[in-house]
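Undergrad: the sequence isn't on hand, but the structure is:
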Ligand SMILES: [Zn+2]
């Protein structure tokens, strides 16, 4: 651990016993459109929460400089001294090497390749830093503090510009060999289907139900009679709203979205038999318009008791990225302590 530029003059990394839990964790979330930072305690409370645009397309050094500055402001906004912020957790989309703390080549961050993220963060912020896939981190947060609290087996799916996933099995976060397990957005629902921009294969769940894909499918199918034809830019929220209003084209696209989601979720619950499936991300703002039919289809299609999984919306809202980025750090520390 290096101690330079640790944010404020009060930064004095007080030595902690090796099995002590972090007193506070600075959670950082690197999204394709937004950067977020917040100080989070063991109970999952975000004492601060700051967000700014990523400004994607600029060089990684510039964006990371802004991320760390946002982190320093988040510590100031939380009203805690830097000396009690014992660790930094970073959530980011994969592919990544969580053990080494290296971002390999995330498709949502153009031009980022083999970035030694935790090494840079430790140098800049002066405390241990840890990296996790953002959806895996979010699964940890929803499991420990959100809609999946108390469940032993849980699946988390975030449906926004892309589709990410995270899995908790037997009460433990499932991470895979290098931290890339649980990419549930790339479960195939039609092996000759639409091209998936993130992974390059065809027919991924993401290629149908991400916000981007819902809007794309509506634009491709557009007819002059649809209320959506008047819009300059069509979003997934426009499609769900127009479907609610009875627009024929939007209703068809929305129905297809629900079928695609239920198809993917059926495979997922058959695979993991979770007690609860937590759905987060912007597309789930449609609420029961999405949940009710998907619950019914999954219950009907899944094999036996797997179809009993409760399907609920996420509990942590916009803060899930930051709480998740801290939550997995606490989770690792707790596992380490229990191993002793
Ligand atoms: Zn894919």
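TA: On my side now, so go ahead. What you see is a predicted model; the values in this text were computed from it and never measured. Residues are numbered from 1 along each chain as shown.

Undergrad: where does the chain dip in pLDDT?
TA: Across the chain, the ranges flagged by pLDDT under 70 are 1-18.

Undergrad: got the phi/psi numbers for residue 81?
TA: Phi and psi for residue 81, reported as degrees, to the nearest 10, are phi -80, psi 140.

Undergrad: so residue 66 makes contact with residue 52?
TA: Yes: with contact defined as CB atoms under 8 Å, residue 66 counts as touching residue 52 (7.0 Å). Quick note: C-beta positions are derived from backbone N, CA and C, even for glycine.

Undergrad: any common contacting residues for these two?
TA: Common neighbours of residue 66 and residue 52 are listed as residue 35 (criterion: CB atoms under 8 Å, 6 or more residues apart in numbering).

Undergrad: any idea how many residues pack against the residue nearest to residue 273 when sequence neighbours are not counted?
TA: Among residues not flanking residue 273 along the chain, residue 306 sits closest, at 4.6 Å (CB to CB, 6 or more residues apart in numbering). Summarising burial for residue 306: neighbours were counted as other CB atoms under 10 Å, giving 18.

Undergrad: can you tell me the SS state at residue 306?
TA: With DSSP: H, G, I helix; E, B strand; the rest coil as the basis, the three-state label of residue 306 is helix.

Undergrad: can you pull the contacts of the residue in the stretch 1-150 of the chain that the ion sits nearest to?
TA: The ion sits closest to residue 107 of the stretch 1-150 of the chain, with a gap of 9.5 Å, by CB to the ion. Residue 107 makes contacts with 93, 197-199, as judged by CB under 8 Å, 6+ apart.

Undergrad: widest-spaced pair of those residues?
TA: Spatial extent of the contacts of residue 107 (CB to CB) is set by the pair 93 and 197 at 13.0 Å.

Undergrad: the two - which one has more neighbours?
TA: Neighbour tally, residue 93 and residue 197, criterion other CB under 10 Å: the higher count belongs to residue 93, 20 against 15.

Undergrad: residue contacts, that one?
TA: 30-32, 106-109, 133-135, 162, 164.

Undergrad: closest to residue 98 among these?
TA: Among the contacts of residue 93, and counting by CB to CB, the member closest to residue 98 is residue 133, at 6.9 Å.

Undergrad: so can I have JSON lines of the contacts of residue 93 showing secondary structure and distance to residue 315?
TA: Putting these into JSON lines (DSSP: H, G, I helix; E, B strand; the rest coil; distance: CB to CB, whole Å) gives the following:
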{"residue": "30", "secondary structure": "strand", "distance to residue 315": "23"}
{"residue": "31", "secondary structure": "coil", "distance to residue 315": "19"}
{"residue": "32", "secondary structure": "coil", "distance to residue 315": "24"}
{"residue": "106", "secondary structure": "coil", "distance to residue 315": "26"}
{"residue": "107", "secondary structure": "coil", "distance to residue 315": "28"}
{"residue": "108", "secondary structure": "coil", "distance to residue 315": "24"}
{"residue": "109", "secondary structure": "coil", "distance to residue 315": "28"}
{"residue": "133", "secondary structure": "strand", "distance to residue 315": "20"}
{"residue": "134", "secondary structure": "helix", "distance to residue 315": "17"}
{"residue": "135", "secondary structure": "helix", "distance to residue 315": "16"}
{"residue": "162", "secondary structure": "coil", "distance to residue 315": "21"}
{"residue": "164", "secondary structure": "strand", "distance to residue 315": "17"}
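
Undergrad: and the chain, which of its residues are near the ion?
TA: For the chain, the residues in contact with the ion (CB under 5 Å from the ion) are 186, 196, 199, 204.

Undergrad: reformat these as JSON lines; add secondary structure, neighbour count and distance to residue 115.
TA: Output for the residues of the chain next to the ion, formatted as JSON lines (DSSP: H, G, I helix; E, B strand; the rest coil; neighbours: other CB atoms under 10 Å; distance: CB to CB, whole Å):
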{"residue": "186", "secondary structure": "helix", "neighbour count": "20", "distance to residue 115": "22"}
{"residue": "196", "secondary structure": "coil", "neighbour count": "23", "distance to residue 115": "23"}
{"residue": "199", "secondary structure": "coil", "neighbour count": "16", "distance to residue 115": "20"}
{"residue": "204", "secondary structure": "strand", "neighbour count": "30", "distance to residue 115": "25"}
